[in-house]
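> Build me a structure from this.
(one chain, ligands or ions: 1)
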Amino acid sequence: MYIIILGAPGAGKGTQADILSQETGLPRIAPGDLFRQALERGTESGLAAKRYMDAGVLVPDEIATEMILERIAEPDCSSGCLLDGFPRTLHQARALDQALEERGESIDKAVYIEVPSEDLAKRLTGRWLCRSCQTPYHEASFPPKTPGKCDKCGGALYQRSDDREETVRGRLSVFFAQTAPVIDYYEQQHKLLRVNGRLSIHEVTAEMMSALKQPMSS
Ligand code: AMP
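Down below sits the predicted model:
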């Protein structure tokens, strides 16, 4: 199964994709994580992506698409994967469809986690992540038991540089301008499932799991 998780920055895509990955056994593939890992390794694509990420804008389609298509060609994705944060433009959506079609595959479902825009900025600017295992925390709604330390692995928590208020505003407008058409794209293909992202983490997961089990109407 090839499943796409769609949602604005701060909608909870990463959290839900991680849980779904554990539930389904499908690997979670997230371009933002791949770029950050590439940057840590000091590769050319990581350095190229950095200035776009710091500015809160999308990395050019060619770079993002090449990185994802290479990643999903790896053996662990041969029977499917969860794409978290890709595609984010119509160009990427079409390139992905074409690459899968060449392998005799296609996207099965796209899940859109809907969260009102007024909630998103608050979620992002209070977000902290574990440097080791990437578990997300929120200073108001989900603080760690010990300040600055991950509950799961004890790793140090950090704030992403693109979660600063000025960058967050830009990232949200990029989503509404460039990624919203991708939602329509999957809706027109009768592959879109909408879930209410304002519910608790557990409830959103339950909605997603039940939505994914429903047959799609054509
Ligand atoms: P994320 O970790 O999903 O919030 O993504 C962080 C940043 O990575 C975004 O603000 C973009 O600069 C870049 N990025 C992530 N996914 C994509 C994509 N599909 N296309 C282009 N840039 C992306």
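> what does this protein have sitting close to the ligand?
Listed as neighbours of the ligand in the chain under the rule CB under 6 Å from any ligand atom: 9, 31-32, 35, 52-53, 56, 58-59, 64, 85-88, 92, 162, 171. Yep, even glycine has a C-beta here, placed from its N, CA and C like the rest.
> element containing residue 17, please.
Here residue 17 sits within helix 13-24, counting by DSSP states H and E.
> coming back round to it: sort out for me which of the residues of the chain next to the ligand are in helices.
Here DSSP state H is the test, and the residues of the chain next to the ligand give 31, 32, 35, 52, 53, 64, 92, 171 as lying in helices.
> and the gap between the residue of the chain found nearest the ligand and residue 58?
At 2.1 Å from the ligand, residue 32 is the closest residue in the chain, using CB to the nearest ligand atom. Distance, residue 32 to residue 58, by CB to CB, to the nearest Å: 11 Å.
> repeat for residue 206
31 Å.
> The two: which is more packed in?
residue 58 (21 against 13; other CB atoms under 10 Å).
> Could I get the contacting residues of the more buried one?
With contact set as CB atoms under 8 Å, 6 or more residues apart in numbering, residue 58 has these partners: 52, 64, 88, 89, 174, 178.
> Can you get me a residue count around the third one?
It stands for residue 88. Number of residues near residue 88 (other CB under 10 Å) recorded here: 20.
> Now the residue of the chain positioned farthest from its centre. Its backbone dihedrals?
Here the chain reaches farthest from its C-alpha mean at residue 146, the gap being 27.0 Å by CA atoms, centre = their mean. Per-residue torsions, residue 146: phi -110, psi 120 (degrees, to the nearest 10).
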